[in-house]
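In: give me coordinates for this.
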Amino acid sequence: MRRAILLAIAAAVLLPVLVPLPAAAAGSDVLSRVGHIVVIYQENWSFDSLYGKFPGANGLANAGNAVKQVDLSGNPYTTLPQPLDTSTKPPSPDTRFPANLPVQPFDASQYVQPDNKTGDLVHRFYQEQLQIDGGKMDRFVAYSDAAGLVMSYYDATSLPEGQLARQYVMADDFFHASFGGSFLNHFWLICACTPSFFNSPASAVAKLGSDGSLISDGSVTPDGYAVNTTFTVNQPHPATTAASALLPNQSLPTIGDRLSDKGLSWAWYAGGWNDALAGHPDPLFQFHHQPFAYFTRYADGTDLKKEHLKDEQDFLAAAKAGQLPAVSFVKPLGTQNEHPGYTDETHGQQHVADLVQAVQQGPNWKDTMIVITYDENGGRWDHVAPPKGDRWGPGTRVPAIVVSPLARRGAVDHTPYDTTSILRTIEQRWSLAPLSTRDAKVNSLVNALDSSLASNASSTPSSGPSTTTILIVIGALVLLAIAGLGTGLLVRRGRST
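Out: Presented below is the predicted three-dimensional model:
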């Protein structure tokens with residue numbers, strides 16, 4: 001009997017060793033090996049509009065009835081209205097595109113190559129909610145200022161970022177955190193919060209009907225929250241903006257605060273930052289893409305502003321020298337951020353690849369996790385309805401790519417994420433308190449990591465013991481246990497007679 005008990009104990013001890021851990025648990029363990037997280041934050045593309053053809057992803061082939069679009073009266077479009085060029089005032093027909101395209105996603109490269117510009121598309125807080133239409137995704141055309149252009153896409157699978165995704169991990173269920181444009185989504189990237197502007201000019205406040213319908217648009221909600229483009233009271237901001245229209249300093253906690261409070265290094269690196277601070281910003285420097293500049297702790301004249309808000313050139317220097325902080329946020333200049341309207345797609349894609357290569361060629365690459373994603377969808381259609389969240393979002397699905405020597409290879413990650421998953425990953429890695437209920441509950445990006453590279457595993461991917469080996473060992477242990485138990489019973493019976 002003692003032998004049977006010992007064999008049972010041996011089986012209990014060996015089974016957890018021989019059977020691999022669940023991926024989530026192992027992924028969490030891999031995260032502990034990450035020494036540096038780099039977030040590259042690009043602009044204004046939905047998932048389907050760049051990666052709807054990406055192999056293995058939930059793409060255009062699955063769109064089904066979500067391609068149908070209805071007008072403001074709820075009547076189906078029979079053809080897409082002529083795409084408009086919003087760079088002209090007023091917007092005019094973009095005759096590079098046909099005027100009678102069928103109501104379905106269309107390949108823009110048949111008419112305009114990705115190294116050329118198209119018009120911009122409206123991407124604002126209330127309009128996106130109207131376009132999503134309770135998850136039907138059927139009013140993107142109706143509420144766009146670019147008409148049929150919302151249904152256009154480029155197949156970016158073979159572009160530089162697409163090539164990185166094919167080599168590492170593409171997340172195909174990642175949604176931008178808040179409805180609307182860049183301004184609000186940059187806040188949600190760093191604080192999972194919406195800024196307040198309770199004393200905003202009356203002209204900035206949106207007007208809503210009793211049923212919540214939009215009567216007239218504005219940058220501030222009726223209850224005093226800034227949701228569309230508003231500039232900070234700090235520098236840099238446009239010289240022509242009236243003082244009363246500048247957003248007062250915000251005091252809610254940010255991920256930078258959490259990191260600093262624990263003695264961890266971090267920085268926000270912006271293309272063109274030094275020139276903008278010096279008073280001669282690049283024409284395409286985007287003032288509202290610098291979220292930390294809106295907060296009291298990083299206000300003008302503070303040491304923290306000098307310490308943490310830096311130029312993109314400083315990022316490249318740190319990568320080369322092996323001096324990356326624990327967390328880096330990289331915000332490229334307008335010419336390189338992929339934003340339709342004022343730049344093209346090709347140059348931004350290549351710039352991201354260059355940033356990744358700078359890390360890969362530096363000493364920190366071995367323990368760096370790079371996350372490439374987009375602030376919002378830029379007004380473009382996607383077929384996947386966003387999950388139910390709160391009054392702020394999440395919004396439309398956007399691409400997210402994870403690049404790391406610790407990441408899975410050639411994988412599509414179907415885990416549900418939103419922008420605050422980046423915060424959750426940082427918080428989980430360094431045991432930081434969440435900033436809001438959203439990042440407290442959302443999935444972190446651990447499922448993008450290679451579970452075979454957990455800290456108790458070898459430094460190279462391993463598939464672990466084969467299923468056959470596991471079954472043989474388990475079977476042998478069970479048979480030995482039964483045999484031992486039978487022997488014990490026979491001995492006891494022999495002794496009792």
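In: mind listing the strands for the stretch 101-250 of the chain?
Out: When assigned using DSSP state E, counting those that start in this stretch, the strands of the stretch 101-250 of the chain occupy the ranges 106-107, 152-153, 169-171, 174-175, 207-208, 214-216.
In: of these, which approaches residue 365 most closely?
Out: strand 169-171 (16.2 Å; CB to CB). For the C-beta atoms, the positions are set from N, CA and C on the backbone; glycine is no exception.
In: please state the offset of that closest one from the chain centre?
Out: Its chain's C-alpha centre and that of strand 169-171 lie 10 Å apart, by CA atoms, centre = their mean, to the nearest Å.
In: again, but for stretch 161-176
Out: Distance, stretch centre to chain centre, for stretch 161-176: 10 Å (CA atoms, centre = their mean).
In: CA-only coordinates of it in CSV, if you can.
Out: Coordinates of each C-alpha in stretch 161-176 appear next as CSV, following Å, rounded to 0.1, in the frame of the first residue of the first chain:
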residue,chain,number,x,y,z
GLU,A,161,4.7,47.1,-41.0
GLY,A,162,2.8,44.3,-42.5
GLN,A,163,6.0,42.4,-43.0
LEU,A,164,6.8,42.9,-39.3
ALA,A,165,3.4,41.6,-38.5
ARG,A,166,3.9,38.5,-40.6
GLN,A,167,7.2,37.9,-38.8
TYR,A,168,5.9,38.5,-35.3
VAL,A,169,2.3,39.1,-34.0
MET,A,170,-0.7,40.8,-35.5
ALA,A,171,-3.6,41.5,-33.0
ASP,A,172,-6.9,41.5,-35.0
ASP,A,173,-9.3,42.3,-32.2
PHE,A,174,-7.8,45.5,-30.9
PHE,A,175,-10.1,48.6,-30.6
HIS,A,176,-9.1,52.3,-30.1
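In: what average pLDDT does it get?
Out: pLDDT averaged over stretch 161-176 equals 98, rounded to a whole number.
In: one more: stretch 342-352?
Out: Stretch 342-352 shows an average pLDDT of 97 in the prediction.
In: could I get the strands of the stretch 101-250 of the chain as a markdown table with distance to residue 242?
Out: Conversion of the strands of the stretch 101-250 of the chain to a markdown table gives the following (distance: least, CB to CB, whole Å):
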| stretch | distance to residue 242 |
| --- | --- |
| strand 106-107 | 42 |
| strand 152-153 | 37 |
| strand 169-171 | 41 |
| strand 174-175 | 34 |
| strand 207-208 | 21 |
| strand 214-216 | 20 |
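In: where in this protein is pLDDT low?
Out: The model of the chain has pLDDT under 70 over residues 1-27, 455-497.
In: what about 50?
Out: Where the chain drops to pLDDT under 50, the residues are 1-26, 457-497.
In: circling back to that earlier point, make CSV out of the strands of the stretch 101-250 of the chain and add distance to residue 126 and mean neighbour count.
Out: Supplementary listing: the strands of the stretch 101-250 of the chain in CSV, determined by distance: least, CB to CB, whole Å; neighbours: other CB atoms under 10 Å:
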stretch, distance to residue 126, mean neighbour count
strand 106-107, 27, 16
strand 152-153, 23, 24
strand 169-171, 27, 27
strand 174-175, 18, 27
strand 207-208, 8, 13
strand 214-216, 5, 11
